[in-house]
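3D, please:
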Amino acid sequence: MIKQIMAKNKQKSYFDQLKAEILAFLSVNLEKPYTLQDLFIHYDVKSKQEKALYGMMIEDLLEEGKIHQTEKGKYTVDVNANAVIGRLDHVNSKFGFIRYDNTKPDIWVSADDMNGAIDGDLVKATTYGEFYKKNGNPEGCIIEIIERGRTELVGKIQVFGNYALVRPDHKNLHNDIFIPKDKINGATKDDLVIVKIVEYPTKIQQGVGEIAEILGKSGDNNAEMHAILAEFGLPIRFDKAIEEEAAAISEMITEAEIEKRRDFRNILTFTIDPHDAKDFDDALSFRILENQNYEIGVHIADVTHYVQEGTRLEEEALNRATSVYLVDRTIPMLPEKLSNNLCSLRPNEDKLTFSAVFEMTHDGRLINEWFGRTVIHSDHRFSYEDAQDVLEDEEGDVLNPITEPDEVLEKYRFPLHTLNHLAKILKKERFRNGAINFETNEVKFKLDETGKPLGVVLKIRKDAHKLIEEFMLLANKKVAEFVFKMGDKRHEKQGEENKTQNSELSTQNSPTMVYRVHEPPNPEKLQNFANFAARFGYSIKTDSDKTLSNSMNKMMAEVEGTPVQNVLEQLAVRTMSKARYTTEPLGHFGLAFEHYSHFTSPIRRYPDMMAHRLLQHYLTASPKNRANISHDDFEKKSKHSSDREKLAAEAERASIKYKQVEFMSLQERRTIFSGVVTGVTDFGIFVEITSTSCEGMVRLADLKDDFYEWDRNNYRVVGKRTGRVINFGDTVKVTVKGTDLERRSMDLELVGLEGKSMPASSTKGNNRDTSSSRGGRREKPSRTAPKSSRTSDKDKGKRKRK
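Residues are numbered from 1 along each chain as shown. This is a model prediction of the structure:
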């Protein structure tokens, strides 16, 4: 009986497989409909029994609606039935992925099936069926290009007699662009240029372009940084008209304007920022109230007072949506007149601000809150290092108020220690509620006056950083809650000063607001990470949000100081969903906040400007006019801001990677570096050098001592002859084999593994490209030759040595 059931299941599997294969063939070959006879020829079907079986499969596909007849006896696929719309991420010259839904696996697409699409294009794609997968991803093809992702690209030009070629800088653009002689426009060999695409590439012809701008010579720091900005479609400078409009704004603060605001100029106020910062978004004020509670003001630059809707400045701020932070420079969202002058909360100057003011007890309980426009006068500008020095002063006991206000140390010791005390309570409460500790290492460079990297250091976050962070989080959270609860009849309005101004805040529905949301991770991704962490002895529990956060934080604490710390922390971050802006109040998973916004950085983030405008509208508008807000307009702007934020982050990473590779190219070639294996693939292993956080690749083809195969399921490569294993997370010794600044990549040579030297290179030079993980993968249906695409289990997935 058992044998009969097994046979039946096997037969069913074969039928399903055959049906999927036919469907895949029709999905690939869309240029014309096919008859049964065409299928017989393609699959070399000759017997009556097999022909009858194919006819049955066609009937099944017709009944299931997966194919249809164009005319009698001719069949094709309805490509729109299973089609998805997404962006092409052309990660490799041979393949790419269609990213279309964070909750579903991306679609793997061969370069041969991209049908003229290039990286970043918005495309329509279809899959071949459930039996066609590549490492767990469904395989498919692009059937339509809906929208081009880029009209320009950046690269280095090589000029020949009657033409030129531009090699794109972007790692996901794999083919040169042809430039006709009359479109070179003065560019010379090794110039970095911006190319306007005139004709997009096809299967048989490379792309054609014309030189739109010459950025400078390859290798020049300014040219390289400008090239990175242009590569991601980010602006390099402000138009003259924008600068002129900013210059025309008056710097005077009138008495009439001050009278409209709550005055904090006589209350102790200060800023804490990086030592090289110029745009000071935020300031803190501190005083002790008569009831011995603390009043803490979080004061934010009132950018929307100066940047009015309908102006060119407003349009430019929306278009940019964010400041961009490269290794050696900041490209501000607003012109310098605003970002570093009018809106920057510089010391010893009156400034207009938008504030969130909190009354708190010494044990961290929030008693009262107030929101509104204010005027402040910052008494002192701390760098993080200066503030940390005060916090590390042994006499800074929060129980002993200051007695000598004339000395800076004495004047600020008690406020800073008290704020630090409260910040630690706020942080502890966040983690008790389920927040996850996502602290990853940040790289900073020491540069000379020409931008040449002299050293690489890791930024270390101390209490001064965390103090500011906690009060910014508090303000962002409370602003979001305040607006959201305006639509809740149960909302109890807090703050004596707010009672008159906000006497009728409650409405049936929550008003429009721009939220910063972070949704829970995709369960499949999370389980994959949990399985991965388990291999290193770390338990990630996914039963509930609370157990997940607790186990994740436990792992973060346990990996601290270990070789795999940086790798596991980065993988944990990648497992999570990406934070984004939206008008939907979806909460923030990572912070464990039910409602969260961005309110505290309007100089550098457009969503904060939107939050300011909305909050001010709700504080001052009558209930009748309060709902007069275009929800769709703010959602569109939120989506745009999320997209621009992503581009800015990619540009920042590209600039860091460039400087890392440049720094490593300046090192002595035979210097041996310690590193950690951070990735394992079928063509090589990635190694992060511990001292510099620079990542490079050791290619399997360069390992001469053995023939290494990729063991995908166990995150390692294994020597076929010696059995030597190189695992993810192993400590290794490497030297720099070569650097490629254009591609921002580095090749490494493996010289030692966990304290053991590698054997001497073999004279045979066993170059290879192999993988033991390919077994079981079905080949993509062929477009040509009437041969059967079915193979035996013995032959599936094998790859030959090169």
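
what residues are up against Leu338?
Each residue near Leu338 by C-beta atoms under 8 Å, 6 or more residues apart in numbering is listed here: 246, 249, 303, 306-307, 313, 603. In short, each C-beta sits where N, CA and C put it, glycine included.

just Val559 next, same as before
Counted by C-beta under 8 Å, 6+ apart, Val559 has contacts 538, 565, 568-569.

again, 6 Å this time
565, 568 (C-beta atoms under 6 Å, 6 or more residues apart in numbering).

tell me how far it lies from Gly537.
10 Å (C-beta to C-beta, to the nearest Å).

how about Ser601, nearest residue that isn't a chain neighbour?
Distances taken as C-beta to C-beta, 6 or more residues apart in numbering place Asp281 nearest to Ser601, at 4.7 Å, with adjacent residues excluded.

can you check the pLDDT for the one you found?
pLDDT for Asp281: 94.

tell me how far it lies from Arg613.
For Asp281, the distance to Arg613 (C-beta to C-beta) stands at 16 Å.

of these two, who's got more company?
Neighbour totals were compared for Asp281 and Arg613, and Asp281 leads with 24 against 19 (other C-beta atoms under 10 Å).

now that that one has come up, it's in contact with Phe599, right?
No: between Asp281 and Phe599 no contact is recorded; they are 10.3 Å apart, counting by C-beta atoms under 6 Å.

so where's the stretch 401-550 of the chain uncertain?
For the stretch 401-550 of the chain, residues meeting the criterion pLDDT under 70 lie at 401-408, 488-509.

if you set the cut-off to 90 instead, what comes out?
Low-confidence regions of the stretch 401-550 of the chain, defined here as pLDDT under 90, cover residues 401-413, 438-444, 456-461, 486-510, 522-525, 527-529, 531-537, 542-546.

got it, and the stretch 251-400 of the chain?
275-279, 392-400.

quick one, strands of it?
In the stretch 251-400 of the chain, strands defined by DSSP state E, counting those that start in this stretch lie at 262-263, 269-273, 282-288, 294-301, 324-325, 330-331, 350-360, 366-377, 380-383, listed in chain order.

identify the residue nearest Ile184 in space, chain neighbours excluded?
Ranked by C-beta to C-beta, 6+ apart and with sequence neighbours excluded, the top spatial neighbour of Ile184 is Ala164, at 5.1 Å.

how near is that neighbour to Lys156?
Shown here: Ala164 relative to Lys156, a distance of 10 Å by C-beta to C-beta.

now the strands of the stretch 251-400 of the chain as a markdown table including distance to Lys32?
What follows is those, written out as a markdown table (distance: least, C-beta to C-beta, whole Å):
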| stretch | distance to Lys32 |
| --- | --- |
| strand 262-263 | 74 |
| strand 269-273 | 65 |
| strand 282-288 | 64 |
| strand 294-301 | 63 |
| strand 324-325 | 49 |
| strand 330-331 | 51 |
| strand 350-360 | 64 |
| strand 366-377 | 65 |
| strand 380-383 | 70 |
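
among the ones you listed, which is the most enclosed?
strand 294-301 (a mean of 24; mean count of other C-beta atoms under 10 Å).

thinking Val303 is in contact with Cys343, fair?
Yes: between Val303 and Cys343 a contact is recorded at 5.2 Å, counting by C-beta under 6 Å.

neighbour count: the two, which is higher?
More neighbours sit around Val303 than around the other of Val303 and Cys343, counting by other C-beta under 10 Å; the figures are 29 against 26.

for the closest residue in space to the more buried one that isn't next to it in sequence, give me the pLDDT.
Of all residues not flanking Val303 in the chain, Pro602 sits nearest, at 4.0 Å (C-beta to C-beta, 6+ apart). Per-residue confidence at Pro602 stands at 98 (pLDDT).

wait, what's in contact with Pro602?
Remark: with contacts taken as C-beta under 6 Å, 6+ apart, Pro602 is in contact with 303, 608-609, 612.

just give me the residue closest to the centre of this protein.
The centroid of the chain falls nearest to Lys646 when counting by C-alpha atoms, centre = their mean (5.5 Å).

let me see the confidence value for that residue.
We note a pLDDT of 94 for Lys646 in this prediction.

how about the secondary structure of it?
Local secondary structure at Lys646 is given as helix here, using DSSP: H, G, I helix; E, B strand; the rest coil.

how about it: what's its closest non-neighbour residue?
Nearest one to Lys646, counting by C-beta to C-beta, 6+ apart, is Lys578 at 7.8 Å.

distance of that neighbour from Glu519?
When C-beta to C-beta is the yardstick, Lys578 and Glu519 sit 9 Å from each other.

repeat that for Leu173.
Using C-beta to C-beta, Leu173 is found at 31 Å from Glu519.

so which of these two has more stuff around it?
Legend: neighbour count by other C-beta under 10 Å for Leu173 and Glu519, higher for Leu173 (22 against 18).

wait, what's in contact with the closest residue to that one other than its chain neighbours?
Counting by C-beta to C-beta, 6+ apart, Asp119 is the residue found nearest to Leu173 once chain neighbours are left out, at 5.7 Å. Residues touching Asp119, when contacts are defined by C-beta under 6 Å, 6+ apart, comprise 88, 90, 172-173.

could you flag which of those residues are buried?
In terms of neighbour count (16 or more other C-beta atoms under 10 Å), the buried residues within the contacts of Asp119 are 88, 90, 173.

and Met746, which of the three is it?
Under three-state DSSP, Met746 falls in the strand class.

so it touches Val698, yeah?
No: between Met746 and Val698 there is no contact under C-beta under 6 Å: 10.3 Å.

quick check: Thr322 touching Ala648?
Yes: under the criterion of C-beta under 6 Å, Thr322 makes contact with Ala648 at 5.0 Å.

what does the pLDDT read for Glu63?
Confidence at Glu63, expressed as pLDDT, is 73.

could you report the neighbour count for it?
Neighbour count of Glu63, defined by other C-beta under 10 Å: 9.

hmm, back to that, which of the buried ones among the contacts of Asp119 lies closest to Ala223?
Closest to Ala223 out of the buried ones among the contacts of Asp119 is Leu173 (18.6 Å), distances taken as C-beta to C-beta.

what segments of the stretch 551-700 of the chain are helices?
The residue ranges that make up the helices of the stretch 551-700 of the chain, judged by DSSP state H, counting those that start in this stretch, are 565-575, 606-620, 623-626, 631-665.

could I get those as CSV with distance to Ala111?
Listed next are these as CSV, based on distance: least, C-beta to C-beta, whole Å:
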stretch, distance to Ala111
helix 565-575, 25
helix 606-620, 37
helix 623-626, 54
helix 631-665, 22
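
follow-up on the earlier one: which one's more surrounded, Ala164 and Lys156?
Just comparing Ala164 and Lys156: by other C-beta under 10 Å the higher neighbour count belongs to Ala164, 26 against 23.

quick check on the more buried one: phi, psi?
According to degrees, to the nearest 10, the main-chain angles of Ala164 amount to phi -140, psi 160.

who's in contact with it?
For Ala164, the contacting residues are 157, 179, 184, taking C-beta under 6 Å, 6+ apart as the criterion.

backbone phi and psi for the second one, please?
Comment: the main-chain dihedrals of Ile179 come out as phi -120, psi 120, following degrees, to the nearest 10.

what do you get for the last one?
When quoted as degrees, to the nearest 10, the phi and psi of Ile184 stand at phi -70, psi -30.

quick one: closest of the strands of the stretch 251-400 of the chain to Ser549.
Of those, the one closest to Ser549 (C-beta to C-beta) turns out to be strand 366-377, at 22.3 Å.

that closest one pairs with which strands?
strand 262-263 (parallel), strand 350-360 (antiparallel) (DSSP bridges).

and the longest one, how far out from the chain middle?
Right, strand 350-360. With C-alpha atoms, centre = their mean, to the nearest Å as the basis, strand 350-360 stands 32 Å off its chain's centre.
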